[in-house]
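*Asks:* build the 3D model from these lines:
(chains A and B)
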Amino acid sequence: MRFFYSFICFTLLSISIPVISAESADKPTLNVYTYDSFTSDWGPGPKVKKAFEEVCNCTLNYVALEDGVSLLSRLKLEGRHTKADIVLGLDTNLIANAEATGYFAPHEMALENSTLPEKWTNSHFIPYDFGYFAFVYDKDKLKNPPTSLKALIENPDSPKILIQDPRTSTPGLGLLLWVKKVYGDKAEEAWEKLAPRIVTVSKGWSEAYGLFLKDQAPLVLSYTTSPAYHMIAEKKNNFAAAKFSEGHYQQIEVAGMIAASKNKELAKKFLDFIQGETFQKIIPTTNWMYPAALDKTELPEAFNTLIDPEPALIFSSDEVNKNRKAWVSEWLNALAK
Amino acid sequence: MKAGILVALFVIAFITVPLFSLFFASGTLSGEQTASFSEIWNSSYIRRVLFFSLWQAFLSTLLSIAFAIVVARAFARYPSFPFRSFFLSLFGLPLIVPAVVAVIGIITVYGKSGWLPIGSNLYGLLGILLAHVFFNLPLAVRLFLPVWNQIPEQHWRIASQLKFNSIQQWKHIEWPALRESLPSVALLVFMLCLTSFAVVLTLGGGPKSTTLEVAIYQSLRFDFDPAQAVVLALLQLGLSILVAIIASRFNKIPDVEPDLNIKNPKHQSETGKLDKMLQITLIVFAILFVSSPLLAIFIDAARGPIISVLSERNLWKATAFSLLIGLSAATISLALSWFLLNASARASYQNKSNLSQWLLLSGSIIFVVPPLVIGTGLFILLADFINVFDWAILIVILINGLLGIPFIIRTLGPEIRQNTMKYQRLCDSLNLKGWQRFKHLDFPLLRKPLGLSAALVTVFTMGDLGIIALFGSPETATLPLLLYQRLGAYQIPQAAVTAAFLLIISLITFWLLEKIISGKTQKDM
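*Replies:* Numbering: from 1, shown residues only, chains lettered A, B, ... in the order given. The predicted model follows:
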């Protein structure tokens, strides 16, 4: 029988582990769910944490997942029991879906400093940066990059590419929508044509970009702003984004506050902080995107050398929400053939 | 005996409640967007996933079995091969090598920048088949080898009188003997490949090479589409039960620890030099195939960023989690099995053979129900009430604990039964029971199988990338999950160091547990 008791004690002990580890903190902790490139050493995460903790008398704790779409899935998996106070890293393509979950609280902010190309009207999410998807290449290794999405897809000899999974990653989803915008009903056939030249579909942006830097393919799906990283951080001018004649799909990255958060005051303070100058000045040279509330003149010089993404392509958030599932299955089908 | 029945009921409930929640969910859940169950059912994606699951399992089985027969025959026909028993125990190693570790080894050997790059792309069917053959070829060799012992002496005598050549020996003597155990071994391998998760997750997983198990994982973790996960889980459950039913018709379950010595060697190698050379070549190739991925990991690790990997906090946290999960699962597994087996033996002693069989069966059901299916059921069941990620560790421990039971029934079961038959009357007359009986009678007699069971379940759980992938997150990463993340980020050198580390930790744990529990009290055996 003693064996049985020790077994019960043991079970109780293992149950208590998550409970104990969840408590024990004197300062309040703000849990921010975000993607892993945000929290990496070279990303905005460490600087943002330092700057915010100086003003908040709190601990900022990141939970890093692969990429933006994973954030939303994770939130749905955790349901109303989530420990997140803030989710940072969703984008315009996901916000209608995210809002429909009912987990997010309205931000009630005016957003007067917004420098987005369009007026921001969403009531639940705060934009923090924006950018345009593009295929990035090394000018020394690839002399004639494709000049349009159609050329990339339809020319069987065009270079191989690295892309991300639209089920986990916002750039992956962005490319799916980009192709949809250009091809409409013919998108599935377009993906079938492209399929043989996809080296890998990675879960997140970091992995695909890492593979690109290891020469696993000449083109990688990233942003028009990515070359700025190589110019500023590495002093290399040989990376460029391929300008596509159809235009580039636009992404606005957003953060939102969880309605059930126990630290609502703090969460609100963080959303304010995101719109503030300190955070916005960190973004261009760490997240390598255009800041959402900072005057263009404040951008580093290298940003002026980047390609002009116009015309910007975008679906409305509602439209994406209505069709995402069907379009993703279409993508799955095309690549599974 | 009451405790045993309670345990049996607990085990059954723990498996069936999640399954019921799946069935129940299939009535109420309809994906949060428009897809209904019939739509999911009819989607060509699901059909393609189903087809790929069966296709890769079929090919893996075919390759593993075909090569295993050839290699087993070579081992049987050349019993004087140097270090034969060492190599045959090496063939037992893939049983305890974690799947992710093997995958990293295979990438190091056959990958793009590996020793022996084959094919244009290892990620996909090619890699999956390689990994499955790596695991199942040695297993099947060990299962086939005893067949040669069952060939009657006089068959060889006749063969030698008739001066049969190698092909005739095969056709008239060896193949007829092998044919009997072929279906059960093939079905076992097929089942293992059909439910193999970690290999397909790491080497496949792209839309083109996704199996049911991986698709279940993706529909929960990628899309958050519980409806699709439920359909996939029910499909997987149906398939597994089907295979189990077919397998039960061939009542011969292969032994875990088969007898690998050849008893009548002298008749078999009388077919000339050329034949002997062929057998030697086959053996050498098989040994290279099995050992090279493991060697590659250590060689790559030795050249890899050892210091930087070992100084990461994540690694040590993951090690602690892995050990915690492994040891806890083994404790639970042993405790539950202990009550089950004792109750079953007692029932059989009291001539209640139905009850005895029923108790054993309850512990073995889990073998038929893929753990990921149970995990999905639990997920759906619990998500409304708790944050499942907070409970990841406990859920992983419990499911892996249950997974160990069928195995312990095989290793410990016969010995407990024997003990009961021998000593039950003595114990009754001395009124020796409970803890006292365990301490003075059972433990000293059963130390050896207890130690082996504890060590195997611990190491198996430590290296498992299944349930933990479903419930784990960066905060609760175990070593296999950490390895998966490194592999996902294509940090192969770091992954190799981590893999070697996991392998070493596993071997040390195995050795220590066996030493501590089994002790050195084998004098009376």
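
*Asks:* biggest strand in chain A, by residue count?
*Replies:* In chain A, with assignment by DSSP state E, the single longest strand is strand A:125-138.

*Asks:* what helices or strands is that strand leaning on?
*Replies:* When contacts are defined as 3 or more CB pairs under 8 Å, 6 or more residues apart in numbering or on different chains; DSSP states H and E, strand A:125-138 packs onto helix A:95-100, helix A:170-183, strand A:219-223, helix A:226-232, strand A:239-242, strand A:248-258, helix A:264-275, strand A:290-291. Just so you know, the C-beta spots here come from the backbone N, C-alpha and C atoms, and that holds for glycine as well.

*Asks:* for the last one, the distance to its chain's centre please.
*Replies:* The chain centroid and the centroid of strand A:290-291 are separated by 13 Å, computed with CA atoms, centre = their mean, to the nearest Å.

*Asks:* and the residue in the stretch 1-150 of chain A that chain B sits nearest to, backbone torsions?
*Replies:* Of all residues in the stretch 1-150 of chain A, A:His81 sits closest to chain B, at 3.4 Å by CB to the nearest CB. Per-residue torsions, A:His81: phi -90, psi 10 (degrees, to the nearest 10).

*Asks:* any regions of the stretch 151-300 of chain B where pLDDT drops low?
*Replies:* B:205, B:251-271 (pLDDT under 70).

*Asks:* one more time with 80, if that's ok
*Replies:* Applying pLDDT under 80 to the stretch 151-300 of chain B picks out residues B:205-206, B:223, B:250-272.

*Asks:* so who does the residue most central in space within chain A touch?
*Replies:* The centre of chain A sits closest to A:Gly68, judged by CA atoms, centre = their mean, with a distance of 4.3 Å. Residues in contact with A:Gly68, defined by CB atoms under 8 Å, 6 or more residues apart in numbering or on different chains, are A:Tyr35, A:Gly89, A:Leu90, A:Asp91, A:Leu94, A:Ser169, A:Thr170, A:Leu173, A:Glu253.

*Asks:* in CSV, list those residues along with distance to chain B.
*Replies:* Listed next are the contacts of A:Gly68 as CSV, based on distance: CB to the nearest CB, whole Å:
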residue, distance to chain B
A:Tyr35, 12
A:Gly89, 15
A:Leu90, 14
A:Asp91, 17
A:Leu94, 12
A:Ser169, 10
A:Thr170, 13
A:Leu173, 11
A:Glu253, 20
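
*Asks:* apart from its neighbours in sequence, what residue is nearest B:Leu220?
*Replies:* Nearest in space to B:Leu220, with sequence neighbours left out and distances taken as CB to CB, 6 or more residues apart in numbering or on different chains, is B:Ala229 at 4.9 Å.

*Asks:* check the burial of that neighbour by counting its neighbours.
*Replies:* 31 (other CB atoms under 10 Å in any protein chain shown).

*Asks:* helix or strand for it, just tell me which one.
*Replies:* B:Ala229 belongs to helix B:226-249 when assigned by DSSP states H and E.

*Asks:* with A:Leu162 instead?
*Replies:* strand A:161-164.

*Asks:* now do that strand, average pLDDT.
*Replies:* Per-residue pLDDT over strand A:161-164 has a mean of 94.

*Asks:* again, but for stretch B:363-379
*Replies:* Mean predicted confidence for stretch B:363-379 is 88.

*Asks:* partners of the strand holding A:Leu162, with directions?
*Replies:* strand A:198-202 (parallel), strand A:219-223 (parallel) (DSSP bridges).

*Asks:* deepest of these, which one?
*Replies:* Per residue and on average, the most neighbours among these fall to strand A:219-223, with a mean of 25 (mean count of other CB atoms under 10 Å in any protein chain shown).

*Asks:* in the stretch 101-250 of chain A, what residue lies closest to chain B?
*Replies:* A:Arg167 (3.8 Å).

*Asks:* tell me who's in contact with that residue.
*Replies:* If you count contacts by CB under 8 Å, 6+ apart, then A:Arg167 has A:Val69, A:Val328, B:Gln218, B:Phe222, B:Asp223 around it.

*Asks:* grab the nearest non-local neighbour of the last one.
*Replies:* In this case it means B:Asp223. Per CB to CB, 6+ apart, closest to B:Asp223 is A:Arg167, 5.3 Å.

*Asks:* helix, strand or coil: sort out the one you found for me.
*Replies:* Under the three-state scheme (DSSP: H, G, I helix; E, B strand; the rest coil), A:Arg167 adopts coil.

*Asks:* what residues are up against the residue of the stretch 51-200 of chain B found nearest chain A?
*Replies:* Relative to chain A, the nearest point of the stretch 51-200 of chain B is B:Tyr123 (6.9 Å; CB to the nearest CB). Going by CB under 8 Å, 6+ apart, B:Tyr123 touches A:Thr200, B:Leu203, B:Gly204, B:Gly206, B:Ser209.

*Asks:* can you tell me how far the fourth one is from A:Ala100?
*Replies:* Relative to A:Ala100, B:Gly206 is positioned 29 Å away (criterion: CB to CB, to the nearest Å).

*Asks:* same thing with the last one?
*Replies:* Here the distance between B:Ser209 and A:Ala100 works out to 33 Å (CB to CB).

*Asks:* so between these two, which is more surrounded?
*Replies:* With neighbours defined as other CB under 10 Å, B:Ser209 and A:Ala100 compare such that B:Ser209 has more, 21 against 13.

*Asks:* contacting residues for the residue nearest to that one when sequence neighbours are not counted?
*Replies:* Using CB to CB, 6+ apart and skipping the chain neighbours, the partner closest in space to B:Ser209 is B:Gly124 (4.7 Å). The contact partners of B:Gly124, taken as CB under 8 Å, 6+ apart, are B:Leu203, B:Gly204, B:Gly206, B:Lys208, B:Ser209.

*Asks:* this completes my enquiry, with thanks.
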